[in-house]
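Colleague: Model the following, please.
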Amino acid sequence: MTASYACQPEDSRGRRWPERMSTFRSPWQRDRDRIIHASAFRRLKHKTQVFVEHEGDYYRTRLTHTIEVAQVARTIAGVLGLNPDLAETVALAHDLGHPPFGHTGEDALAVLMAPYGGFDHNAQALRIVTRLERHYADFDGLNLTWESLEGIAKHNGPVTGELPYALAEVNAEWDLELHTNASAEAQVAAVADDVAYNHHDLHDGLRAGLFTEDDLAQLPVIGEAFAEVDRLHPGLDPMRRRHEALRRVFGVMVEDVIAVAQNRLASLRPTSAQEIRDMDGPIIRFSKPLYQNLKAIKLFLFQRMYRAPSVVVERQRVTEMLNGLFPLFLNDPSKMPEHWFAAAEAAGDETGRARVVVDYVAGMTDRFAIHEAERLLG
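Modeller: Residues are numbered from 1 along each chain as shown. Model (predicted):
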């Protein structure tokens, strides 16, 4: 039973291209299933989270990250009386637009696409689900509901200022009310993203040897977690000790979000999903004390992991690959597969051609981008 402020399937604003209702799935269960079956979703298996995908089987990929986000989102949504299917749908779609090589790849493509309308992974996710997935007879894209598209567009908050072209195009066809908050379910997906990567990046950084448990013990929240494990389980072997401590950190984040949301919902008493959209700020968020502690953890991860010397070298290497591939395809689209070449030729002008090229490059997996760079650039 969902609460009055949850998004209700019967109140969905529907799909861009009308379809008959499923006899056994809600609109958002149907959206979720279409995302899982999408080509872009499968390619997340071979896309970077932090470490380049081929560096080791134990590191998170963009796909395993997405599954963890969806799990957290369903849990929080269920406790708060929200619609878990919509929260899961937005969580599963939130990273579909990520190019190869994680945020490094996104940064490189944003620079390359600056003259042609920019690049943003959230906007690219919308482009994928509205245009680039081409499997259905009656429409391009996945024909997701308005609520799912809204969640992909603004799960991180209202979108203002100059829009990336991919978002502007979708919004021009169907107003996503970018000036308002997203639904509470989409806000849950956004917080679940923070919970997941704060947790698993600590795991992956330890496994990579970029820092130690003793380093983490100096940080807020994490230090208390290790101390509690040592008190309850003295002499525990190192791997179990690490896992026990970090799962407690995970629990602290989830419980904090739930407690804050419950207090705000009890205080503000929203009676509809639209009331939550129209509020001054998000209703799903960390408490201020935990938010400050997480800032300290993120700063540590930035310095010791995201900008570690070995990671910086890799960032430079993959940026050079994309800086080589993009202009190569832009100047000679015939080097792309035949249907991409045809799309580039039909694009008309350089801006249109660049947008076809970035769709192709952003869709690459890490290993395919590396293969193409070796083949075409030496």
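
Colleague: tally of neighbours for the nearest residue to Trp340 once chain neighbours are set aside?
Modeller: Excluding the flanking residues, the one nearest Trp340 by CB to CB, 6 or more residues apart in numbering is Tyr360, at 4.9 Å. Every residue, glycine included, has its C-beta placed from N, CA and C. The tally of other residues near Tyr360 (other CB atoms under 10 Å) stands at 22.

Colleague: How about Asn171?
Modeller: Count around Asn171 with other CB under 10 Å applied: 18.

Colleague: same question, Gly209
Modeller: Residues near Gly209, counting by other CB under 10 Å: 9.

Colleague: Kindly report the same for the one 5 residues further on.
Modeller: Taking other CB under 10 Å as the criterion, the count of residues near Asp214 is 8.

Colleague: Can you tell me the element it falls in?
Modeller: Assigned by DSSP states H and E, Asp214 falls within helix 213-216.

Colleague: I'd like to check what contacts that helix. Which residues are they?
Modeller: Leu202, Leu206, Ile222, Gly223, Phe226, Pro238, Arg241, Arg242, Ala245, Phe300, Arg304 (CB atoms under 8 Å, 6 or more residues apart in numbering).

Colleague: what's the answer for stretch 282-300, then?
Modeller: With contact meaning CB under 8 Å, 6+ apart, stretch 282-300 is reached by 76, 80, 157, 181, 184, 187-188, 190-191, 194, 198, 202, 211, 215, 219-222, 252-253, 256-257, 259-261, 264-265, 268, 270, 276.

Colleague: buried sites along stretch 20-38?
Modeller: Across stretch 20-38, burial judged by 16 or more other CB atoms under 10 Å covers Ser26, Pro27, Trp28, Gln29, Arg30, Asp31, Arg32, Arg34, Ile35, Ala38.

Colleague: For it, measure first residue to last.
Modeller: 20 Å (CA to CA, to the nearest Å).

Colleague: now it: mean pLDDT?
Modeller: Stretch 20-38 carries an average pLDDT of 96.

Colleague: where does Ser22 land in three-state SS?
Modeller: Of the three states, Ser22 takes coil under DSSP: H, G, I helix; E, B strand; the rest coil.

Colleague: residues in contact with it?
Modeller: Counting by CB under 8 Å, 6+ apart, Ser22 has contacts Gln29, Arg30.

Colleague: and if we set it to 7 Å?
Modeller: Shown in contact with Ser22 (CB atoms under 7 Å, 6 or more residues apart in numbering): Arg30.

Colleague: Kindly report the same for Val361.
Modeller: Neighbours of Val361 in contact, by CB under 7 Å, 6+ apart: Pro99, Leu109, Leu322, Leu325, Phe326, Phe329.

Colleague: how near is Leu376 to Leu325?
Modeller: Distance of Leu376 to Leu325, computed by CB to CB, to the nearest Å: 7 Å.

Colleague: One more: Leu167?
Modeller: Distance of Leu167 to Leu325, given as CB to CB: 24 Å.

Colleague: same deal with Arg43?
Modeller: Distance, Arg43 to Leu325, by CB to CB: 16 Å.

Colleague: quick one, which of the two is more surrounded?
Modeller: When Arg43 is set against Leu325 and neighbours are counted by other CB under 10 Å, the residue ahead is Leu325, at 24 against 19.

Colleague: thinking in terms of the whole chain, how far from its middle is the helix or strand harbouring that one?
Modeller: Using DSSP H and E, Leu325 falls within helix 309-331. Distance, stretch centre to chain centre, for helix 309-331: 22 Å (CA atoms, centre = their mean, to the nearest Å).

Colleague: still on that earlier bit, give the buried residues for the helix holding Asp214.
Modeller: Within helix 213-216, judged by 16+ other CB under 10 Å, the buried ones are Leu216.

Colleague: And for stretch 314-328?
Modeller: Buried, per 16+ other CB under 10 Å, within stretch 314-328: Glu314, Arg315, Val318, Thr319, Met321, Leu322, Leu325, Phe326, Leu328.

Colleague: what's the answer for stretch 330-348, then?
Modeller: Buried, per 16+ other CB under 10 Å, within stretch 330-348: Leu330, Pro333, Met336, Trp340, Phe341, Ala343, Ala344, Ala347.

Colleague: ditto for stretch 223-242
Modeller: Those would be Glu224, Ala225, Phe226, Val229, Arg241, Arg242, for stretch 223-242 by 16+ other CB under 10 Å.

Colleague: what does stretch 174-191 give?
Modeller: So for stretch 174-191, counting by 16+ other CB under 10 Å, buried means 176-178, 180-191.

Colleague: Which stretches in the stretch 201-350 of the chain count as helices?
Modeller: In chain order, the stretch 201-350 of the chain shows helices spanning 213-216, 222-232, 238-268, 273-277, 288-301, 309-331, 338-346, 350-362, with DSSP state H, counting those that start in this stretch as the criterion.

Colleague: Dump the ones you listed into a markdown table; add mean pLDDT as well.
Modeller: Output for these, formatted as a markdown table (pLDDT from 0 to 100):
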| stretch | mean pLDDT |
| --- | --- |
| helix 213-216 | 96 |
| helix 222-232 | 98 |
| helix 238-268 | 97 |
| helix 273-277 | 98 |
| helix 288-301 | 97 |
| helix 309-331 | 94 |
| helix 338-346 | 97 |
| helix 350-362 | 98 |
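
Colleague: want to try CSV for these, with distance to Asp138 as columns?
Modeller: Output for the helices of the stretch 201-350 of the chain, formatted as CSV (distance: least, CB to CB, whole Å):
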stretch, distance to Asp138
helix 213-216, 52
helix 222-232, 51
helix 238-268, 39
helix 273-277, 28
helix 288-301, 44
helix 309-331, 31
helix 338-346, 20
helix 350-362, 22
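
Colleague: Which one of those lies nearest to Arg131?
Modeller: Arg131 lies closest to helix 350-362 among these, at 8.5 Å (CB to CB).

Colleague: So which bits of the helix or strand that comes right after the closest one are buried?
Modeller: Using DSSP H and E, the helix or strand that follows helix 350-362 in sequence is helix 366-377. Neighbour counts over helix 366-377 (16+ other CB under 10 Å) mark Asp366, Ala369, Ile370, Glu372, Ala373 as buried.

Colleague: Brilliant, that's me finished.
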